[in-house]
Every structure is written in C-alpha cells, then in structure tokens.
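Peer 1: Sequence and predicted structure, then a few things I'm wondering about:
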Amino acid sequence: MKIHFIAIGGSAMHNLAIALHIKGYQISGSDDSIFEPSKSRLIHHGLFPQKIGWNASNISDDLDYVILGMHAKKDNPELVEAQNKSIKIFSYPEFIYEMSKNKTRVVIGGSHGKTSITAMVLHVLNDNNISVDYMVGAQLKGFSTMVHLTDENDFILLEGDEYLSSPIDRRPKFHLYKPNIALLSGIAWDHINVFPTKEIYSKQFEIFLDSIVSGGVVVYNELDSELNQMVLNCSNSIRKLEYSLPEFFIENDISFLKTDEGSLPLKIFGNHNLSNLSGAKLICQLMGVQEEEFNNSIISFGGADKRLESLLETDDRAFFKDFAHSPSKVSATTNALKNQFKNRKLIALLELHTFSSLNEDFIGEYRNSLKQADVRILFYDPKAVASKGLKNISVQKIKDSFNDDNMIVISDSNQLKDYLFELSFLNTNLLFMSSGNYASLDLDVIIDFIKNN
C-alpha cells in the first residue's frame, strides 16, 4: 500500500504516518512547515520530506491513497493534482474508520477532558496488560507515538475531536468514527471560527449521539446539565450510563479516592480530573477491566502531557503549566489549584492565543473564569491578533468580559517578565495557561526565580 500525506507535520497526521510506516506501508509526505516534536519523530522513521513545501509532482500515478490534513488549503497543488488523477482522498478520521471497521470502536468526546480521559484509559489498560489500538490527538507520557494500529486487537480507543476533518470535508472528526462505545465529558462552546453560535456547536454533539451504533453505549457526565438533557432526549437505541464526581477528600494537599479497598492517594487533583476519572472507570469496565484493577492502576496515573503539568514543587510553592485555553478549561484548572492548595496564594496567568479567545464576540464566555485566583494576569500578543485578522480588544473590554476590574492585562512579554520578577512566591503557586508559547518566556528562568523568591 502506497500512501501520501498532505500536511504530514500535524499532531495526529505524523503519528498516523508513523503507525502505517511501522505496519509496512510505503509512506511519503509533505508540508510547508514542520515543528517539534513532529520533526524529530519523522526524521527518526525516515519520513521527513526531502524538501519543505508543496509540489504537485509528489502525487505519483501509483499512489493508492492520499491522506489530507486540516492544515492544507483547498487550492493546495498536491490536493488539486490528486483530484485530477482521481486518487482516493481521505481525511485522517475517515482513514482511521476504514482501518477499524471490524473493531469495537471506543470514542472519547467532549469539549473538555477528552485527552485526559483517553490518557487515563490507556494507562489503566497498559497497566493491566490489555492491548488495544488507539489514536490520540495529543502526546501522552510513556508513548512514543499516539497512533497504534494492528490487525489483531479487538478494541480501538479514539479521541473524538469535534473540529473539522479536512479542508474538503467540513464534518467534525468525531462524526466519522461510528462508535460502539462513546463517552461525552461535557459541552462548552468553542471553535467560533467554524461554529459561530452555541446552538450550531451543540448540534454537533447531538449528531455524534445519533452516530453511535445501534445497541451501543454512551457514558456521559451528568453534572453537565446541557449534556444530561441532550442524552435523555436522544432517541438512538443505545444504553445510557451516567457518571459524576467520585467520593474523595483532600489531606495535606493530596487527593484521596474513597473505595471499597480503602482510601487511595492520587497523583491528580481537582473536580474536573476526578470527574474524568469516573468516566474513565466506566469505559475501562466496558473494555473488560474490573473495578479493583482500575483502582490499583489509576493511583499511578500522573496526568496527561501539558495538562496541569508540574514544573516545580517545593514545601511552600509550586509552578504549573496547563494547555487550558477555553473558558471551561481555564475555570476548571484555576479552581482545581485553589481548592487543592487552600493555604497558598494563587497567581494565575492566562495567555489568549486562539481565534475564539481573541474574538470580541466570544471573549465574554470567560466571565469569572479566573475569579478563584488571588492575582489574575492576562497576556495577549497584538501580533497574534493581527495574524488572525481580528481587531484589537481594548483593555477595558477584556476586564469587562472577565468581570474583573483588578485583572492585570499585559501585551508585551518583557513587561510581563518584569512584572513576574517583582513578585514574591513565598507560600504561593504560579499557574500558566496557554495553547500558545507562554508569551515566549523562558520557563527555566521563571523556575529559577521562583525557587529563590
């Protein structure tokens, strides 16, 4: 089988390319820019393009398929050439479905928590020597690649992203998987560039519920009122299993899970993560893991990569970074840290980086999302605003949108660094939240400063 990837450098795309290469397929690919960690991984497997950029000559007549990434445009010369030659073109979710038609497909969806839940499930399955195929959109600790495809495994575990599949396939990715078992963690409006209203965004989850195979199962977070009602209204012939927060308590800044075997110390914390744990537990049970086996395995789970990641922890201070960028994630992460470390001050920095977060029509969704922090800092780069074709939002509009007149708003990274270096971190936690590059700050320098101030 000979397959060419257009936009091979993407997070999921390069992982799929490597997985198919390992299976013995003949893989080629192209992209106009490839960054780490994709670059090193592609080089390691001999899949890095000889030249960066697009070239119609890459589309040879003997290709079986082309897999098209979202990063490419509709007028991409390689895409046009593939269309002219009538070569079958897949988006990567379409291709994943083709590869898993005869497997039990387990899809983890939701506006927030899907990566963490998928990571929990994979961790528990691995710990219990249960082999499954999988596809995860983000890199997880302990895994060299995030796509694993075999001929023999019965299950495939898929992270169900609601973003669009490709430039020529405007369906959300998770609509294409047709799950036998599904999980939905919650619904919170996002991706305003493709779902301009909350109603249009929510509709995608209704369609997903209807796509579950008849006789299948949906596991859902009953704490989300909109999702709860949507599942109850769903007429698809599926089983419905709800989950919520498990019983737990916090002692000496550690969360303990209450179980029949006693209280188990966890490496993760926060209502959001504990709720995710409940969902992951049900999914694991549906995949053959007993409750006691799940409990014994989950205590060693240290969290998904870039999700509440600890960069520094001492007796009286800590520094965390988190991929949180949407309003629900920002609120959940901030609340988790404040509730876990009740006796410490919390300084929270949020970088607005996505199209949605920098959009004046959406920014009001962040109202009160940082309120739990004692010091609240918002950073945005005017260049990022301009690159997305958006108009600048005034400082007062930002403060009004967050309902926070005391918020510190900074748009220059040097000014941000100076501000941070004037603070004391005695008995204090610092939290950075961004899907960007954390205002281009050198986090190692920040760590050294926090240790001594």
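Peer 2: Received it, and whenever you're ready, just let me know what you need.
Peer 1: Strands of the stretch 51-200 of the chain, start to end?
Peer 2: Under the criterion DSSP state E, counting those that start in this stretch, the stretch 51-200 of the chain contains strands at 65-68, 88-91, 104-109, 133-135, 147-148, 155-160, 164-166, 169-172, 181-184.
Peer 1: Mind checking those strands for the one nearest to G288?
Peer 2: strand 155-160 (8.7 Å; C-beta to C-beta). From N, CA and C alone the C-beta is placed, and that goes for glycine too.
Peer 1: same question for the closest one, mean pLDDT?
Peer 2: Mean pLDDT, computed over strand 155-160, is 97.
Peer 1: Flag every buried residue along stretch 284-299.
Peer 2: Buried residues in stretch 284-299, counted by 16 or more other C-beta atoms under 10 Å: C284, L286, M287, V289, E293, F294, N295, N296, S297, I298.
Peer 1: What does the pLDDT read for the fifth one?
Peer 2: The one in question is E293. 97.
Peer 1: Tell me if C284 really is in a strand.
Peer 2: No: according to DSSP: H, G, I helix; E, B strand; the rest coil, C284 belongs to no strand; its state is helix.
Peer 1: Export the strands of the stretch 51-200 of the chain to TSV and append columns for mean neighbour count and distance to D253.
Peer 2: Formatted as TSV, those follow (neighbours: other C-beta atoms under 10 Å; distance: least, C-beta to C-beta, whole Å):
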stretch	mean neighbour count	distance to D253
strand 65-68	24	46
strand 88-91	18	44
strand 104-109	27	29
strand 133-135	25	33
strand 147-148	23	36
strand 155-160	24	30
strand 164-166	22	41
strand 169-172	16	39
strand 181-184	27	29
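Peer 1: number of nearby residues for H44?
Peer 2: Residues near H44, counting by other C-beta atoms under 10 Å, number 11.
Peer 1: how near is it to V194?
Peer 2: H44 sits 33 Å away from V194, going by C-beta to C-beta, to the nearest Å.
Peer 1: can you check E81 too?
Peer 2: For E81 relative to V194 (C-beta to C-beta), the value is 26 Å.
Peer 1: Please apply the same query to L47.
Peer 2: Separation of L47 from V194 (C-beta to C-beta) stands at 29 Å.
Peer 1: out of those two, which sits in the busier spot?
Peer 2: Remark: of L47 and V194, L47 carries more neighbours, 19 against 16, as counted by other C-beta under 10 Å.
Peer 1: so what's that one up against?
Peer 2: Each residue near L47 by C-beta atoms under 8 Å, 6 or more residues apart in numbering is listed here: I8, H14, A17, I18, H21, I27, S28, G29.
Peer 1: By neighbour count, which of these wins?
Peer 2: With neighbours taken as other C-beta under 10 Å, the top of these is A17, carrying 30 neighbours.
Peer 1: In which helix or strand does that one reside?
Peer 2: For A17, the host element (DSSP states H and E) is helix 11-22.
Peer 1: Centre of the chain to that helix, how far?
Peer 2: 18 Å (C-alpha atoms, centre = their mean, to the nearest Å).
Peer 1: Same check on stretch 216-223?
Peer 2: Distance, stretch centre to chain centre, for stretch 216-223: 19 Å (C-alpha atoms, centre = their mean).
Peer 1: same check, this time on stretch 22-34
Peer 2: 23 Å.
Peer 1: Now do the same for that stretch: mean pLDDT, whole number.
Peer 2: On average, stretch 22-34 scores 97.
Peer 1: What residues sit buried inside it?
Peer 2: For stretch 22-34, the neighbour count (16+ other C-beta under 10 Å) marks I27, S28, G29, S30, D31, I34 as buried.
Peer 1: so of these, which ones are in strands?
Peer 2: I27, S28, G29, S30 (DSSP state E).
Peer 1: Would you agree the third one is in contact with L16?
Peer 2: Meaning G29. No: G29 sits out of contact with L16 when judged by C-beta atoms under 8 Å, with a separation of 10.2 Å.
Peer 1: Now the common contact residues for these two.
Peer 2: Common contacts of G29 and L16 (C-beta under 8 Å, 6+ apart): F5.
Peer 1: all helices in the stretch 301-450 of the chain, in order from the N-terminus.
Peer 2: Ranges of helices in the stretch 301-450 of the chain, per DSSP state H, counting those that start in this stretch, are 327-340, 382-387, 395-402, 413-420, 443-452.
Peer 1: Could you name the helices and strands sitting against the first one?
Peer 2: What it means is helix 327-340. Here helix 327-340 touches helix 271-286, strand 317-322, strand 345-352, strand 428-433, going by 3 or more C-beta pairs under 8 Å, 6 or more residues apart in numbering; DSSP states H and E.
Peer 1: Kindly provide the distance from T334 to L245.
Peer 2: From T334 to L245 the distance is 18 Å (C-beta to C-beta).
Peer 1: mind giving me the domain split of the chain?
Peer 2: 2-91, 100-298, 309-452 (automatic domain parsing).
Peer 1: Relative to M230, which of the ones in strands among the buried residues of stretch 22-34 is nearest.
Peer 2: For these, the nearest to M230 is G29 (38.5 Å; C-beta to C-beta).
Peer 1: Return the set of residues that bridge with the closest one.
Peer 2: F5 (DSSP bridges).
Peer 1: Against G46, how distant is it?
Peer 2: Between G29 and G46 the computed distance is 11 Å (C-beta to C-beta).
Peer 1: Do a quick rundown of the helices in the stretch 101-250 of the chain.
Peer 2: So, for the stretch 101-250 of the chain - with DSSP H, counting those that start in this stretch - the helices run 114-127, 198-211, 225-233.
Peer 1: Dump the ones you listed into a markdown table; add mean pLDDT and mean neighbour count as well.
Peer 2: Shown next, in a markdown table, are those (pLDDT from 0 to 100; neighbours: other C-beta atoms under 10 Å):
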| stretch | mean pLDDT | mean neighbour count |
| --- | --- | --- |
| helix 114-127 | 94 | 24 |
| helix 198-211 | 97 | 17 |
| helix 225-233 | 97 | 15 |
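Peer 1: Adding distance to K321, write those out as CSV.
Peer 2: Putting the helices of the stretch 101-250 of the chain into CSV (distance: least, C-beta to C-beta, whole Å) gives the following:
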stretch, distance to K321
helix 114-127, 15
helix 198-211, 27
helix 225-233, 28
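Peer 1: between those helices, which gets nearest to S326?
Peer 2: By C-beta to C-beta (comparing all of those), the closest turns out to be helix 198-211, at 11.3 Å.
Peer 1: Using CSV, write out every CA atom in that closest one.
Peer 2: What follows is helix 198-211, C-alpha atoms only, in CSV (Å, rounded to 0.1, in the frame of the first residue of the first chain):
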residue,chain,number,x,y,z
LYS,A,198,-23.6,27.9,20.7
GLU,A,199,-26.6,26.2,19.0
ILE,A,200,-24.6,25.2,16.0
TYR,A,201,-21.8,23.9,18.2
SER,A,202,-24.1,21.9,20.5
LYS,A,203,-25.8,20.4,17.4
GLN,A,204,-22.6,18.6,16.6
PHE,A,205,-22.9,16.6,19.8
GLU,A,206,-26.5,15.6,19.0
ILE,A,207,-25.3,14.3,15.7
PHE,A,208,-22.5,12.4,17.5
LEU,A,209,-25.0,10.7,19.8
ASP,A,210,-27.0,9.7,16.7
SER,A,211,-23.9,8.2,15.1
